[in-house]
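Undergrad: My questions are about this predicted structure, shown below with the sequence.
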Protein chains: 2
Amino acid sequence: MDNRKFEKISRALSDASRITVLQQFRKKQGCLYCAEITDMLDLTQPSISHHLKQLVDADLLIPEKEGRNVKYVLNQKVLDDYIDRLNAFKA
Amino acid sequence: MDNRKFEKISRALSDASRITVLQQFRKKQGCLYCAEITDMLDLTQPSISHHLKQLVDADLLIPEKEGRNVKYVLNQKVLDDYIDRLNAFKA
DNA sequence: TTTGAATATTTGAATGTTTCGATATGTTTA
DNA sequence: TAAACATATCGAAACATTCAAATATTCAAA
């Protein structure tokens, strides 16, 4: 992971709505449907779509189309790589 | 660490200059002087001061005044807490 | 106690982000 | 095929961030 990608992931993580979304993945074994996410945030559908795009563009979520629904899967590998970069800051 | 603090740290980490600064701490055993940081970035002094303030406000760096110089120390504890929150996203 | 060096704050312009309403795209079902 | 549904994109308003120039503050040394 290069610095540009680290920066992009950090930016994706720097928003209250997106943090809330990510926290819900634990309860659902790492995958959530778009509709479930829309239900849990008090935002319009386009806003939620925008936030999800940021998380997908940062590779934190992997979208999987199922008919007219979209299932988002948490990308644990990217999360682990990001954590490795954080640990590398330490002396 | 609450969500607001997690968000603040993420935002502090979402800038190329600030990432560069943090990466230098490893080479210097976790502490750097303001002047060293100013030397390594191609930005004006006020801009660098502003970036350092964001890292300090996020508690990633602890400023220690030494006469008219400032020594910045990397806050490993906050980094560890942040990593714990990231791991908590995982299923 | 003035001078100079190191760092911080303020200001303003340019740019980026968040949000929403409207609309578009793609998919299932009647 | 038409209607209903789920999600994405567009366009614009409100707000936040970044950067540099100018200025202020703090401290050490002369």
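TA: Good, I have the coordinates.
Undergrad: only C-alpha atoms for contact and neighbour calcs from this point on.
TA: Will do.
Undergrad: how about the nearest residue to residue A:8, chain neighbours excluded?
TA: Closest residue to residue A:8 apart from its sequence neighbours, by C-alpha to C-alpha, 6 or more residues apart in numbering or on different chains: residue A:58 at 5.9 Å.
Undergrad: so what pLDDT did the one you found get?
TA: You'll see residue A:58 listed with a pLDDT of 96.
Undergrad: Run a quick neighbour tally on it.
TA: Neighbourhood size, residue A:58 [other C-alpha atoms under 10 Å in any protein chain shown]: 20.
Undergrad: hang on, it packs against residue A:9?
TA: Yes. When contacts are counted by C-alpha atoms under 8 Å, residue A:58 is listed as touching residue A:9 (5.2 Å).
Undergrad: contacting residues for residue A:69?
TA: Listed by C-alpha atoms under 8 Å, 6 or more residues apart in numbering or on different chains, the contact set of residue A:69 reads A:33-35.
Undergrad: so what pLDDT did residue A:91 get?
TA: 76.
Undergrad: Kindly report the same for residue A:3.
TA: Residue A:3 is assigned 93 on the pLDDT scale.
Undergrad: Hmm, residue B:17 and it touching each other?
TA: No. Residue A:3 lies out of contact with residue B:17 (C-alpha under 8 Å); the separation is 10.0 Å.
Undergrad: Identify the residues contacting the closest residue to residue A:6 other than its chain neighbours.
TA: With C-alpha to C-alpha, 6+ apart as the criterion, residue A:6 has its nearest non-adjacent residue at 6.7 Å, and that residue is residue A:82. Residues near residue A:82 by C-alpha under 8 Å, 6+ apart: A:1, A:6, A:9.
Undergrad: ok, now residue A:11?
TA: Applying C-alpha under 8 Å, 6+ apart, the residues near residue A:11 are B:10-11, B:13-14.
Undergrad: For residue A:71, list each beta-bridge partner.
TA: Counting by DSSP bridges, residue A:71 is bridged to residue A:33, residue A:64.
Undergrad: Neighbours of it, how many?
TA: Residue A:71: 16 neighbours (other C-alpha under 10 Å).
Undergrad: What of residue A:8?
TA: Residue A:8 - counted by other C-alpha under 10 Å - has 20 other residues nearby.
Undergrad: Specify the angle between the helix or strand containing it and helix B:3-12 in degrees.
TA: Secondary structure assignment for residue A:8, by DSSP states H and E: helix A:3-12. Between the axes of helix A:3-12 and helix B:3-12, defined by axes from the mean of the first three to the mean of the last three C-alpha atoms, to 10 degrees, the angle is 150 degrees.
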